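Visitor: Show me how the following folds:
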Amino acid sequence: MGFVKDPTDPQWDNDPAMKEWRAFMKKYYPDGDLTDWYNVYAYAAAQTLVQVLKQCGDNLTHENVMTQAANLKNFALPLLLPGITINTSPTDYRVIRQVQLQRFDGKQWMRFGGVIGN
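Guide: Numbering: from 1, shown residues only. Below you'll find the model as predicted:
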């Protein structure tokens, strides 16, 4: 199962989001491991925080930040697998609630079936 694009998978080599991530890494974290999916995950997490702050506008109180973090609706990040979106609510703070099944064919991860979760 997966939810984020694998930086070592050749199917994402020409993906605009992956190219943008690699450029970011080269500029801001040149010693970072481009094969470590945790670096992709961290970048996506930072993009999620940026969205929360945008939703806050000029009201950057703790209460509003938490309210906005609990109200992400169908937020699609470019480094998430296609079809996976972020949805949070005041009763469910989980950011990643969707995955897609994948199997390794010896060269790359092949997604199959639809996105699982809500």
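Visitor: quick one: the helices in this protein?
Guide: Shown for the chain, the helices assigned by DSSP state H span residues 16-28, 37-56, 62-69.
Visitor: and of those helices, who's closest to residue 4?
Guide: Set against residue 4 and scored by C-beta to C-beta, the helices of the chain come closest in helix 37-56, at 5.4 Å. (Glycine included, C-beta is placed from N, CA and C.)
Visitor: And the contacts of the closest one?
Guide: With C-beta atoms under 8 Å, 6 or more residues apart in numbering as the test, helix 37-56 has contacts from 4-8, 21, 24-25, 29, 32-33, 60, 64-65, 68-69, 71-72, 75, 77-80, 86, 95.
Visitor: how does it look with 6 Å?
Guide: Here helix 37-56 makes contact (C-beta atoms under 6 Å, 6 or more residues apart in numbering) with 4, 6, 7, 21, 32, 64, 65, 68, 69, 75, 77, 79.
Visitor: Could you dump those residues into JSON lines with pLDDT and neighbour count added?
Guide: Compiled in JSON lines, the contacts of helix 37-56 are given as follows (pLDDT from 0 to 100; neighbours: other C-beta atoms under 10 Å):
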{"residue": "4", "pLDDT": "95", "neighbour count": "18"}
{"residue": "6", "pLDDT": "94", "neighbour count": "18"}
{"residue": "7", "pLDDT": "95", "neighbour count": "20"}
{"residue": "21", "pLDDT": "98", "neighbour count": "22"}
{"residue": "32", "pLDDT": "97", "neighbour count": "15"}
{"residue": "64", "pLDDT": "98", "neighbour count": "15"}
{"residue": "65", "pLDDT": "98", "neighbour count": "16"}
{"residue": "68", "pLDDT": "98", "neighbour count": "19"}
{"residue": "69", "pLDDT": "97", "neighbour count": "19"}
{"residue": "75", "pLDDT": "96", "neighbour count": "16"}
{"residue": "77", "pLDDT": "96", "neighbour count": "20"}
{"residue": "79", "pLDDT": "97", "neighbour count": "20"}
